[in-house]
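>>> fold the following and give me the result.
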Amino acid sequence: MKKLTIILCLNVAVFVLVGCASDTNEESSTDSSENSAALELTEKDTTETDKNTSTNEVEESDTNNVDNISSEETVNNDSDSTTSENSDSNAQDNKDTLAQYSSEQIEYARVWLQLGPNQEIDELNVRHISSGEPINPNDDTSASYPEDVIQLAGSRLVDGSVTYSGNGDGTINVYNVPLRWDSPADVDENFMQEYTEDISDNTEQVYVDPGDDEEIIQLIEVLHVH
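Model (predicted):
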């Protein structure tokens with residue numbers, strides 16, 4: 001009887017030990033699963049956080065680039081606008097500088113400034129010559145001007161002269177006429193006629209530059225229109 005009791009006690013003890021071990025393994029497995037799941041959630045949250053952070057950084061970078069481009073465009077537009085305003089202002093100043101003078105006065109001065117043989121003159125004389133007048137007024141055989149012309153000359157012979165007609169488009173026809181005519185003694189009777197006809201037929205078309213306003217004003221101040 002005692003032996004049977006001892007065997008029963010041993011079986012109970014073994015059963016209890018096996019049950020405890022099973023519970024421990026199940027708890028360990030449960031804890032491991034819970035820890036693994038928690039770890040996965042942590043890693044997932046970290047990945048999503050990093051992804052969101054990266055996305056925000058890219059968006060901020062794009063926003064900064066757009067702002068920088070807009071700022072640069074604004075600066076460039078302001079600079080272009082300022083340059084345009086300065087150019088317009090300078091052009092208006094130049095226009096106002098000559099506004100007190102007539103278009104004819106400005107034309108005479110510009111022509112002499114560009115074509116006058118001598119710029120150091122104390123007078124700029126202007127003489128209007130009508131169409132049909134002789135090119136050489138000292139010779140009856142001279143050919144005549146085919147159009148109205150203007151002759152500019154200084155007060156001295158060494159200053160030279162410029163004889164031209166205007167075309168109304170910024171260009172003039174220049175006649176190669178001397179300021180003083182010296183007729184040689186021994187020439188053919190038709191020499192002067194042929195010579196002046198050649199002058200009339202071979203004018204040079206020249207574009208007149210606007211020139212410097214200060215120099216133009218100086219010439220206008222010594223103009224004498226006859």
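
>>> please count neighbours and contacts with C-alpha atoms only from this point.
Noted.

>>> and for the helix or strand harbouring residue 114, what are the contacting residues?
Using DSSP states H and E, the element containing residue 114 is helix 103-115. Residues from elsewhere that reach helix 103-115 (Cα atoms under 8 Å, 6 or more residues apart in numbering): 98, 119, 126, 152, 162, 208-211, 215-217, 219-220, 223.

>>> and the closest residue in space to residue 226 that isn't next to it in sequence, what does it touch?
Once flanking residues are discounted, residue 226 sits nearest to residue 127: 5.3 Å by Cα to Cα, 6 or more residues apart in numbering. Neighbour list for residue 127: 150, 151, 152, 225, 226 [criterion: Cα under 8 Å, 6+ apart].

>>> what is the helix or strand hosting the second one packed up against?
Meaning residue 151. Residue 151 belongs to strand 149-153 when elements are defined using DSSP H and E. Using 3 or more Cα pairs under 8 Å, 6 or more residues apart in numbering; DSSP states H and E, the elements in contact with strand 149-153 are strand 124-129, strand 161-166.

>>> mind checking those strands for the one nearest to residue 138?
Smallest distance to residue 138 across the helices and strands packed on strand 149-153 (Cα to Cα): 14.6 Å, for strand 124-129.

>>> look at stretch 143-152 and report the distance between its end residues.
The first and final residues of stretch 143-152 sit 20 Å from each other (Cα to Cα, to the nearest Å).

>>> mind checking the pLDDT average for it?
The pLDDT scores in stretch 143-152 average 97.
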